[in-house]
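Q: Would you be able to build a 3D model of this:
(one chain, ligands or ions: 1)
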Amino acid sequence: MARKTKTPYKTKWNLNLLYTGLNNPRIERDVRTIEREYDNFAKIYRNKDFTKTPKNLAKALASKEKISQGLSKIDPEFYFSRLLDIESQNEKARALLTKIDERLTEASNKLEFFHLRIANIPKEKHGKYLKASELKPYKYLLENIFRTAKYNLSEKEEQLVSLLGQTSYSMWVDSQEKLLSKQMIKFGKGMIPISKAMSIISELPKAKRIALHKEIIQTLESINHLAEAEINAIVNFKKVMDKRRGFKKPYSATILSYENDEKEVEALVSMITKKFSISHRFYKLHAKLIGEKRITLPDRGAPIGKIKRKFDFANTVEIVRSALGDVDGSYSDILDRYLKNGQIDVYPYKGKQSGGYCAKSGDLPTFILLNHTDDLRSVETLGHEIGHAIHGELAKTQPHRYRGFSTSTAEVASTFFEQVTQSKIEEKLNNEEKIIFLHNKIMGDIATIFRQIALFNFEDELHERIRKEGQLSGIQVAKLLAKHLRSYLGASVEVTDRDGYGFIPWSHIRYFFYVYSYAYGQIVSKALFEMWNENKNTAKKIERFLKAGRSMSPKNIFKSIGINVSDPKFFEFGLKNIEKDIDKLEKLTRKMKFKIA
Ligand SMILES: [Zn+2]
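A: From the prediction side, this is the model:
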């Protein structure tokens, strides 16, 4: 049944929901409240043996949680960051944020001892603490602390590491990004920033696409010296830290912090790598559809046609609302509430951040940023971001310690709702548009699953080689990336060694192995979608997943709703669905002629 909502909505953020302005005296008061609360807590517990018995520990954890609960509606940094998202030129806000940041980091440093002391509970006592009835509500939290305990350094060392992270990691990455963002690329008769060049390249006609790609690679090569130094510095910094902490493999720290299991992630990576033939098959078909036998790297994202249909924002809201409502009426209510309160900033304008995302903090209102341009992608983006928001809202049913979620479940929620939105969009398309839509959907799956795993393999080899050889030159890194791009693109796509300079603007590889979470999330969410699509009664299970927050490991959350991510067959099944889509596209396009761009 269609719900009719006539509520007028806002298309700009109402940041008054946080503070009435930069001069609001409540900001300073709130910073002081946080400083005071942390300080008091540290004073009480620093010299107390609060881990002596399970009972003592339960008391300390409860009182720590009480503080975070009390502060859950106070977050001045959140306000300043959102303000800067939509007013990037607001220098006054930027300066204030830096100052407040410093004060709050110092304040939270005072609490660093707390988890470290829990982690110091001797290993032979872990069982006793995990079984204690007083600690039952904190069991998974403790398991996590104990699991990571052996990798901790002393309190002083940890503080030093967080300070050195600034000079050995962030400043390198920042200066490299700064240099990159200053690069202008020749385009037509004028010059455009390199980021713009990279974002428009796929949409250009063939000759312009090739010419622009050449310009981009040339520019990247010309600034490769800093990137070479940067990559070697940050990878070596990680090597030193991993060695000190006792992490065996380059990716071990990431998998541990995402609460996944190392063996399972290794199985996922090797299984997908073995199935690169699926993506080879897709690119062969893609090349054929754009009228060629063999394509170059920039052609891999070229469209086979354009969906010209426009989706203005009112129309978009209608589609997404009805998609959410199909899963559960309360989800579309969340969207309506956000629209009414001014929690979604819709259109692009000068000084606003690009892209789309969802920002949350404690019990404060969540904010979604979009750059709606009336195209189909804009509809999918709202579906995706509201998915993150719904996940956050439902996780609020958890006690404070288990709100939020692991990186590896975050994208499951968002891409699930994106798929629900996509199936609504599809209903509105004509047959030719449906073919283009299917092609783009497979292209997206390939990029999220196969490309990210190829990148994981690249990172792994990069770290291993720098660990062994000490240092790699820029062209060596480029060659390595080119090799791994070839591995998933197959023989239909020509990748030159110099194309590998794409490592310079690739920000995700600087998060170290973050990329696998995309592949993981996409395959799990496809399974969720399949389950729900076949039987709408499973919406209750989806709800259980969303409400679980971070109260269990991702593996156990999915297990509780009947999805066994430990079974390699599960991931294989996910890939089979992509193969089925490719079959369908092959069949549908057999007799079609596409205009070659
Ligand atoms: Zn997302």
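Q: and residue 201, how many neighbours?
A: The burial count assigned to residue 201 is 21, neighbours taken as other C-beta atoms under 10 Å. Any C-beta I mention is one placed from the backbone N, CA and C, and that applies to glycine too.
Q: actually residue 389, not the one I wrote
A: Residue 389 has 24 nearby residues by other C-beta under 10 Å.
Q: now the helices: where do they sit in the stretch 351-500 of the chain?
A: 376-395, 407-427, 431-446, 452-469, 474-489 (DSSP state H, counting those that start in this stretch).
Q: what's the closest of those to residue 539?
A: Evaluated with C-beta to C-beta, those place helix 407-427 nearest to residue 539, the distance being 10.4 Å.
Q: could you check the angle helix 431-446 makes with that closest one?
A: Relative orientation of helix 407-427 and helix 431-446, computed by axes from the mean of the first three to the mean of the last three C-alpha atoms, to 10 degrees: 170 degrees.
Q: name the helices or strands packed onto helix 407-427?
A: In terms of contacts (3 or more C-beta pairs under 8 Å, 6 or more residues apart in numbering; DSSP states H and E), helix 407-427 is packed against helix 313-327, helix 376-395, helix 431-446, helix 516-534, helix 539-547, helix 554-560.
Q: Could I have the CA atoms of the fourth one written out in CSV?
A: Extracted as CSV, the C-alpha positions of helix 516-534 are listed here (Å, rounded to 0.1, in the frame of the first residue of the first chain):
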residue,chain,number,x,y,z
TYR,A,516,38.5,-6.4,1.5
SER,A,517,35.6,-5.1,3.6
TYR,A,518,33.9,-3.9,0.4
ALA,A,519,34.0,-7.4,-1.2
TYR,A,520,32.9,-9.0,2.1
GLY,A,521,30.1,-6.5,2.6
GLN,A,522,28.8,-6.7,-1.0
ILE,A,523,28.6,-10.5,-1.0
VAL,A,524,26.9,-10.7,2.4
SER,A,525,24.4,-8.0,1.4
LYS,A,526,23.6,-9.8,-1.8
ALA,A,527,22.8,-12.8,0.2
LEU,A,528,20.6,-10.8,2.5
PHE,A,529,18.8,-9.2,-0.5
GLU,A,530,18.3,-12.6,-2.1
MET,A,531,16.9,-14.0,1.1
TRP,A,532,14.5,-11.0,1.6
ASN,A,533,13.5,-10.9,-2.1
GLU,A,534,12.4,-14.5,-2.0
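Q: List the buried residues of that helix.
A: Buried residues in helix 516-534, defined by neighbour count with 16 or more other C-beta atoms under 10 Å: 516-529, 531-532.
Q: Could you do the longest one as well?
A: For helix 376-395, the buried set under the neighbour-count rule, 16+ other C-beta under 10 Å, comprises 376, 378-395.
Q: Same question for stretch 20-27.
A: residue 27.
Q: Likewise for stretch 152-162?
A: Neighbour-count burial for stretch 152-162 flags 152, 158, 161 (criterion: 16+ other C-beta under 10 Å).
Q: again, but for stretch 293-313
A: Going by neighbour count (16+ other C-beta under 10 Å), the buried part of stretch 293-313 is 295-300, 302-305, 307, 311, 313.
Q: Next, give me the two most distant ones among the residues you listed.
A: Spatial extent of these (C-beta to C-beta) is set by the pair 296 and 313 at 36.5 Å.
Q: least trustworthy helix or strand in this structure by mean pLDDT?
A: Every helix and strand of the chain was ranked by mean pLDDT, DSSP states H and E. The lowest is helix 155-165, at a mean of 85.
Q: Let me have that one in CSV, keeping just the CA atoms, if that works.
A: Coordinates of each C-alpha in helix 155-165 appear next as CSV, following Å, rounded to 0.1, in the frame of the first residue of the first chain:
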residue,chain,number,x,y,z
GLU,A,155,50.9,3.0,28.0
LYS,A,156,53.9,5.4,27.4
GLU,A,157,54.7,3.6,24.1
GLU,A,158,51.1,3.8,23.0
GLN,A,159,51.0,7.5,23.7
LEU,A,160,54.2,8.0,21.7
VAL,A,161,52.8,5.9,18.8
SER,A,162,49.8,8.1,18.6
LEU,A,163,52.0,11.2,18.6
LEU,A,164,54.4,9.8,16.0
GLY,A,165,51.5,8.7,13.8
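Q: And the contacts of it?
A: Helix 155-165 is contacted from outside by 109, 112-113, 116, 152-153, 237, 241, using C-beta atoms under 8 Å, 6 or more residues apart in numbering.
Q: returning to that earlier point: so which of the buried residues of stretch 293-313 comes closest to residue 506?
A: residue 297 (13.3 Å).
Q: List the contacts of that closest one.
A: Contact analysis of residue 297 by C-beta under 8 Å, 6+ apart lists 213, 485, 489, 493-496, 499.
Q: Are any of those buried, and if so which?
A: In these, burial by neighbour count holds for 213, 485, 489, 493, 495, 499, counting by 16+ other C-beta under 10 Å.
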